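*Asks:* quick one, what's the 3D model for this:
(one chain, ligands or ions: 1)
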Amino acid sequence: MATKKKSSPKTGRVDAAHAATTPTISKSPQGQSQETQRYGDVVKMPHGLSEAVVKKSVASLNQVLADTITLRDMYKKHHWQVVGPTFNQLHLLFDKHFEAQVELVDLLAERIQILGGVALAMAPDIAEETRIPRPPRGREPATVQLSRLIEAHTMILTYAREHAEKASDAGDAGTDDLLVSDVVRTNELQVWFLSEHLVAASPI
Ligand SMILES: [Fe+2]
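*Replies:* Residues are numbered from 1 along each chain as shown. This is a model prediction of the structure:
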């Protein structure tokens, strides 16, 4: 397909430098982008797992990925918007947890690709797939922020434990290990730190 050249709004002349450097996105004659692998399809990889097992693991991992990306972003939102006497502690804690969730996102997405699947990535797709309720755009009290985060962690933990067991039963030890050793262990640790902030101070 020929590159569409951009003309200057003032002169109407073609901007040669722009035309030379702007890449074109490959599209089919029907105007659709040409994908090399559709979402939901799996390609055969020499890892010794059957297509049926891989499809189930990829679907589970993409659900955990969508929820983990949502939780990751909720941590940054709360890092920025936290307010109150515990501002400094929570501001720092939320960012620390955000960083750990960033690592989980990469592990999950790369596990999906290792298996031969396609990992979810973009915000509109994550918004469609996540099970975690959308928080409001505005600020909320710190206790509400903590409760929202704990609720999201619990949803991820329950799902991850259930699907780790299914992966183990199906012989996909790598997915089982990732879900238990990384997802469950990290989320349990973070729930502990959050929950202790909601415990009322003991009377002196
Ligand atoms: Fe920051």
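
*Asks:* grab the nearest non-local neighbour of the most centrally placed residue in the chain.
*Replies:* Taking CA atoms, centre = their mean, the centroid of the chain lies closest to residue 69, which sits 2.5 Å from it. In space, and not counting its chain neighbours, residue 69 is closest to residue 126: 4.9 Å by CB to CB, 6 or more residues apart in numbering. Glycine gets a C-beta too; all of them are placed from N, C-alpha and C.

*Asks:* which stretches of this protein have low pLDDT?
*Replies:* Across the chain, the ranges flagged by pLDDT under 70 are 1-23, 26, 28-29, 31, 200-204.

*Asks:* the domain parsing of it - what is it?
*Replies:* Structural domains annotated on the chain: 1-34, 51-198, as defined by automatic domain parsing.

*Asks:* what's the longest helix in the chain?
*Replies:* Assignment by DSSP state H gives helix 51-81 as the longest helix of the chain.

*Asks:* give me the buried positions along the helix or strand that comes right after that helix.
*Replies:* The helix or strand immediately downstream of helix 51-81 is helix 87-115, counting by DSSP states H and E. Neighbour-count burial for helix 87-115, counted by 16 or more other CB atoms under 10 Å, picks out 90, 93-94, 97-98, 101, 104-105, 107-109, 111-112, 115.

*Asks:* over to stretch 157-176?
*Replies:* Using 16+ other CB under 10 Å as the test for burial, stretch 157-176 gives 157, 159, 160, 163, 164, 166, 167, 170, 172, 175, 176.

*Asks:* any idea how far the fifth one lies from residue 80?
*Replies:* Applying CB to CB, to the nearest Å, the value for residue 164 to residue 80 is 33 Å.

*Asks:* check which helices and strands the longest helix of the chain sits against.
*Replies:* helix 87-115, helix 123-129, helix 142-170, helix 173-177 (3 or more CB pairs under 8 Å, 6 or more residues apart in numbering; DSSP states H and E).

*Asks:* kindly reformat those helices as TSV and extend each row with distance to residue 74.
*Replies:* TSV is the format used below for the helices and strands packed on helix 51-81 (distance: least, CB to CB, whole Å):
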stretch	distance to residue 74
helix 87-115	9
helix 123-129	12
helix 142-170	6
helix 173-177	25
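
*Asks:* coming back round to it: looking at the domains of the chain, which is closest to residue 42?
*Replies:* Among these, the nearest to residue 42 by CB to CB is domain 51-198 (4.5 Å).

*Asks:* ok now the closest one, how far from the chain's centre?
*Replies:* For domain 51-198, the distance from its own C-alpha centre to the chain's C-alpha centre is 7 Å (CA atoms, centre = their mean, to the nearest Å).
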